[in-house]
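Structural data only, the sequence is not supplied:
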DNA sequence: GTACATTTTGACCAATCAGTCAAGTTTTTG
DNA sequence: CAAAAACTTGACTGATTGGTCAAAATGTAC
């Protein structure tokens, strides 16, 4: 269940790359990587305005002017990181198989998203922060690419419902619900930790979470008599 | 279903009031109100670091030094607004009645939360933003008051389950799920609008949302054969 | 090794913004 | 109405921070 599979030469969706990847030197590849990793960390913790270039440079182990040599503007770093995050984020959604078994496909998708939330919560938080503040940089992307993608998947869910293989439920809201519940575990981690205490660091906790979320989504909370 | 009912002389939970409310003059009451309303708007849109005192002052219709006359520090405004938000936020949760009918109580709570998300999404976003950034100002509150409150309600849910009046599901994760789904509609409003289009502004849309969320949570998505 | 290109950095600049202050205006009080 | 209290504000300050620049250091190609 490795979701890190690289997107197959898919074009960047948010902006054109300033520089074709092939033209990059070895040093550039390394340093851009260091910067992006550091930036994800800092931006997801403090937000765009709350983060400083100095912080990112420090974390990446280089001077500020050096960092600006690779990404001339603060915005460039941010957009690059956001873009990478978005791609990784949507891959498993695209992978929902219209020809698979409905419950199994959704179970797999939900499990995958929960794993991502546990493994890389920074990515989820970066995205959440951008949306929360009105998505100033990805509004267009949401209205075009994401809208289309969701419409396609909603159609699949609709068909499953009409075939009686899924409970009759609005497919859009079902998608939103899955997103809500899975991302919540990354975005509201602090709150969950505060409430559950150290229990969240114990082995098996993620499995328990997955179990609970799947139970609620699949079976609902009304007792089956 | 009015949730604006004022908390019954409950003590502030985050910080002591700088000044007892009785000592406030008429002008103070008015201006503090204007500031708090403006601040909720600005802070929820731009985050703490992204908001400036000038913006808030402008929105409140007064000069910056004037605003600082009422709240000496930027932080003071923020904490005050956060505190008010938190109270309003938890009231309906506290109101879950251990002696009521489980499904009805949860249905009421979920409906109420969805209404709040639709009516005052700024409050939800302000809270989400604070949690997302590590809850630097309310960490203690979460670990004490909220933790205790959730434990109490989780015990009620547990009992309901053991009485067979609720499906067997981890009570903590059930609470998290409800929070996730209801807040999602406020926090990710931009995304939902992008996907659903202008449909969200049509009359009856909130009812439709509530219907879908309740169906999923109550009945799950697995078809009942 | 040498010439050229790439990478790195200290020192600096300009804009933004939280917060101060002293001098004014308005409101309340007796 | 007079004095005191409460309120308001223009002009300022110091700290932070995004971004520049020219010179130095390092890496690469022949």
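Ah, there it is. Keep in mind that what you see is a predicted model, and the values were worked out from it rather than measured. Numbering: from 1, shown residues only, chains lettered A, B, ... in the order given.

going forward, measure contacts and count neighbours with C-alpha atoms only.
Noted.

So for the longest helix seen in chain A, mean pLDDT?
Across chain A, the helix with the greatest residue count (assigned by DSSP state H) is helix A:26-50. Helix A:26-50 shows a mean pLDDT of 95.

The most centrally placed residue in chain A: which element?
Centroid-nearest residue in chain A: residue A:89, 3.6 Å away (criterion: C-alpha atoms, centre = their mean). In this structure, residue A:89 sits in helix A:74-94 according to DSSP states H and E.

Can you work out which other helices and strands pack against whichever helix or strand comes after that helix?
Next along the chain after helix A:74-94, taking DSSP H and E as the criterion, comes helix A:102-119. Applying 3 or more C-alpha pairs under 8 Å, 6 or more residues apart in numbering or on different chains; DSSP states H and E, one finds that helix A:102-119 makes contact with helix A:74-94, helix A:171-187, helix A:205-219.

helices or strands up against the following helix or strand past helix A:102-119?
Note on helix A:102-119: by DSSP H and E, the next helix or strand toward the C-terminus is helix A:121-132. Where contact means 3+ C-alpha pairs under 8 Å, 6+ apart, helix A:121-132 is packed against helix A:26-50, helix A:74-94, helix A:171-187, helix B:121-132, helix B:189-196.

Quick one: mean pLDDT over helix A:121-132.
For helix A:121-132, mean pLDDT rounds to 97.

tell me the domain ranges of chain A?
Residue ranges for the domains of chain A, per automatic domain parsing: A:23-72, A:75-219.

Turn those domains into CSV, including distance to residue B:49.
Below are the domains of chain A laid out as CSV (distance: least, C-alpha to C-alpha, whole Å):
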stretch, distance to residue B:49
domain A:23-72, 5
domain A:75-219, 12
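
Determine which of the ones you listed approaches residue B:52 most closely.
For the domains of chain A, distance to residue B:52 was read as C-alpha to C-alpha. The smallest value, 11.3 Å, belongs to domain A:23-72.

That closest one close to DNA strand C?
Yes. Contact of domain A:23-72 with DNA strand C (C-alpha under 7 Å from any atom of the strand) involves A:24-28, A:31, A:62-67, A:69.

Just the buried ones out of those, please.
Buried subset of the residues of domain A:23-72 next to DNA strand C (neighbour count, 16 or more other C-alpha atoms under 10 Å in any protein chain shown): A:31, A:63-64, A:67.

Give me the distance from stretch A:169-180 to the chain's centre.
Remark: stretch A:169-180 is offset 16 Å from the chain centroid, using C-alpha atoms, centre = their mean, to the nearest Å.

Report the mean per-residue pLDDT for it.
On average, the pLDDT along stretch A:169-180 is 97.

what does it contact?
Contact with stretch A:169-180 is made by A:110, A:150, A:154-155, A:157-158, A:161, B:180-181, B:184, B:192, B:209, B:212-213, B:215-216, B:221, as judged by C-alpha atoms under 8 Å, 6 or more residues apart in numbering or on different chains.

for that stretch, which positions count as buried?
Within stretch A:169-180, the residues that count as buried by 16+ other C-alpha under 10 Å are A:169-180.

do the same with stretch A:192-206
If you call a residue buried by 16+ other C-alpha under 10 Å, then stretch A:192-206 has these buried ones: A:192-196, A:200, A:206.

export the residues you listed to TSV and tack on distance to residue B:44?
Listed next are the buried residues of stretch A:192-206 as TSV, based on distance: C-alpha to C-alpha, whole Å:
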residue	distance to residue B:44
A:192	22
A:193	23
A:194	23
A:195	24
A:196	27
A:200	29
A:206	31
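
Let me know the closest of these to DNA strand C.
residue A:194 (27.9 Å; C-alpha to the nearest atom of the strand).

how near is the closest residue to that closest one other than its chain neighbours to residue A:144?
Leaving aside its chain neighbours, residue A:194 sits nearest to residue B:143 (4.7 Å; criterion: C-alpha to C-alpha, 6 or more residues apart in numbering or on different chains). Separation of residue B:143 from residue A:144 (C-alpha to C-alpha, to the nearest Å): 41 Å.

In three-state terms, how would the residue nearest to residue A:194 be classified?
When classified by DSSP: H, G, I helix; E, B strand; the rest coil, residue B:143 comes out as helix.

most neighbours per residue, which of the helices and strands packed on helix A:102-119?
Comparing the helices and strands packed on helix A:102-119 by mean neighbour count (mean count of other C-alpha atoms under 10 Å in any protein chain shown), helix A:171-187 ranks first with a mean of 23.

What ranges in chain A fall below the confidence cut-off?
Along chain A, segments meeting pLDDT under 70 span A:1-23, A:225.

Tell me how far stretch A:79-89 lies from the chain's centre.
Centre-to-centre, stretch A:79-89 and its host chain are 8 Å apart (C-alpha atoms, centre = their mean).

does chain B sit close to that stretch?
No. Using C-alpha under 8 Å from any C-alpha of the partner chain, stretch A:79-89 never reaches chain B; the gap is at least 13.1 Å.

Say whether DNA strand D is contacted by that stretch.
No. Against DNA strand D, stretch A:79-89 shows no contacts by C-alpha under 7 Å from any atom of the strand, the least distance being 12.0 Å.

Residue numbers of chain A in contact with DNA strand C?
Proximity of chain A to DNA strand C (C-alpha under 7 Å from any atom of the strand) is limited to residues A:24-28, A:31, A:62-67, A:69.

Name the nearest of those relative to residue B:58.
Distance to residue B:58 across these (C-alpha to C-alpha) is lowest for residue A:64, with 34.4 Å.

Would you mind measuring from that closest one to chain B?
To chain B, residue A:64 is 21 Å away according to C-alpha to the nearest C-alpha, to the nearest Å.

Could you do residue A:222 as well?
Taking C-alpha to the nearest C-alpha, one finds residue A:222 at 5 Å from chain B.

helices and strands around the helix or strand hosting residue A:159, which ones?
Using DSSP H and E, residue A:159 sits within helix A:147-162. Counting contacts by 3+ C-alpha pairs under 8 Å, 6+ apart, helix A:147-162 is packed against helix A:171-187, helix B:189-196.

Of all the residues in it, which ones are buried?
Going by neighbour count (16+ other C-alpha under 10 Å), the buried part of helix A:147-162 is A:147, A:150-151, A:153-154, A:156-158, A:160-161.

And the contacts of it?
Under C-alpha under 8 Å, 6+ apart, the answer for helix A:147-162 is A:94, A:96, A:98, A:102, A:166-172, A:175, B:194-196.

I appreciate the help and will end here.
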